[in-house]
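J.: The amino acid sequence is not available; the structure is as follows:
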């Protein structure tokens with residue numbers, strides 16, 4: 001049994017690997033990052049397991065999402081996806097140029113570029129352009145993997161069963177859920193109230209992204225989410241530059257006990273950056289030491 005279970009987000013598919021092998025592949029890179037932050041507090045790194053579900057999102061996905069290549073950009077989105085992406089960027093603080101009546105017609109790359117320049121004025125022009133391309137790919141992949149997860153009930157159930165199986169087997173004190181994994185974990189813990197978790201930590205969470213929040217199961221009630229029955233404490237951490245975690249403060253909608261922001265630098269959405277952050281180490285230490 002592992003006292004910490006990590007639930008991954010997007011860009012984690014390992015082609016041809018069994019779930020256990022894929023999870024271990026990712027943990028080889030992630031364990032040292034958690035050990036790095038805990039080491040600064042003189043806390044020994046605990047055993048860590050991963051709930052891996054990326055393989056369950058692969059079948060029937062558009063080729064762009066399967067490959068995660070550079071062609072996974074805004075130009076490949078349909079009208080509904082473009083509207084969702086525009087809504088996402090507006091939630092992050094972007095201004096819709098010329099105020100088009102149809103938000104689906106908004107110039108998405110221009111809006112994203114404005115956000116990057118506004119938040120990354122200290123970056124060189126080349127780094128800003130690189131960041132725009134990376135964020136564009138990340139937003140599109142999030143939309144498509146969320147679509148894959150939420151649109152087909154059987155697939156949604158399979159993903160939640162996979163995550164629940166790992167949590168039930170490992171009986172962790174702490175679950176750390178990143179990106180789309182925070183969305184999956186929220187639903188999984190609600191669907192399995194017997195699962196007891198002392199501390200849930202969501203990092204880089206898109207739970208408040210409008211296009212995703214509307215699809216939650218259980219649905220928001222009067223605009224509010226609920227604490228899963230088996231969770232004792234919920235801490236949310238979002239990087240100030242993480243455009244996937246928008247708006248960054250979950251507490252306005254969800255009953256989190258602590259809502260923290262951090263600055264992980266250029267790797268603002270990466271799970272490794274969050275695991276190495278002192279805020280996360282401080283949150284988990286009482287539950288693993």
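T.: Arrived safely. Owing to the predicted nature of the structure, the values given are computational and were not obtained by experimental measurement.

J.: Pull the contacting residues for residue 37.
T.: With contact taken as Cβ atoms under 8 Å, 6 or more residues apart in numbering, residue 37 is in contact with 275-278, 280-281. For glycine as for every other residue, the C-beta is placed from the backbone atoms N, C-alpha and C.

J.: Widest-spaced pair of the residues you listed?
T.: The span of the contacts of residue 37, defined through Cβ to Cβ, is set by 275 and 278 at 10.9 Å.

J.: From the structure, what's the count of residues near residue 48?
T.: For residue 48, the number of neighbouring residues by other Cβ atoms under 10 Å comes to 22.

J.: circling back: relative to residue 144, which of the contacts of residue 37 is nearest.
T.: Of these, the one sitting nearest to residue 144 (Cβ to Cβ) turns out to be residue 275, at 25.2 Å.

J.: So which bits of the host helix or strand of residue 165 are buried?
T.: In the assignment (DSSP states H and E), residue 165 maps to helix 153-170. Within helix 153-170, the residues that count as buried by 16 or more other Cβ atoms under 10 Å are 155-156, 159-160, 162-164, 166-167, 170.

J.: roughly how far out does it sit from the chain middle?
T.: For helix 153-170, the distance between its averaged C-alpha position and the chain's averaged C-alpha position is 17 Å (Cα atoms, centre = their mean, to the nearest Å).

J.: try stretch 19-38
T.: Average the C-alpha atoms of stretch 19-38, do the same for its chain, and the two points are 17 Å apart (Cα atoms, centre = their mean).

J.: looking only at pLDDT, what's the mean for it?
T.: Taken as a whole, stretch 19-38 carries a mean pLDDT of 97.

J.: How about the contacts made by residue 155?
T.: Taking Cβ under 8 Å, 6+ apart as the test, what residue 155 contacts is 56-57, 148-149.

J.: Just among these, which is most surrounded?
T.: When those are compared by neighbour count (other Cβ under 10 Å), residue 57 ends up highest, at 24 neighbours.

J.: where does the closest residue to that residue other than its chain neighbours fall, phi/psi-wise?
T.: Sequence neighbours aside, residue 148 is the residue nearest to residue 57 in space, at 4.6 Å (criterion: Cβ to Cβ, 6 or more residues apart in numbering). Its backbone dihedrals place residue 148 at phi -60, psi -40, with angles given as degrees, to the nearest 10.

J.: What of residue 10?
T.: Main-chain dihedrals, residue 10, degrees, to the nearest 10: phi -80, psi 170.

J.: what's the nearest residue to residue 283 if we skip its chain neighbours?
T.: For residue 283, the nearest residue in space outside its immediate sequence neighbours is residue 235; the separation is 4.7 Å by Cβ to Cβ, 6+ apart.

J.: Now the element after the helix or strand bottoming out on mean pLDDT in the chain, going C-ward?
T.: The helix or strand with the lowest mean pLDDT-type score in the chain, counting by mean pLDDT, DSSP states H and E, is helix 63-67 (a mean of 40). Proceeding C-terminally, helix 63-67 gives way to helix 79-91 as the next helix or strand, assigned by DSSP H and E.
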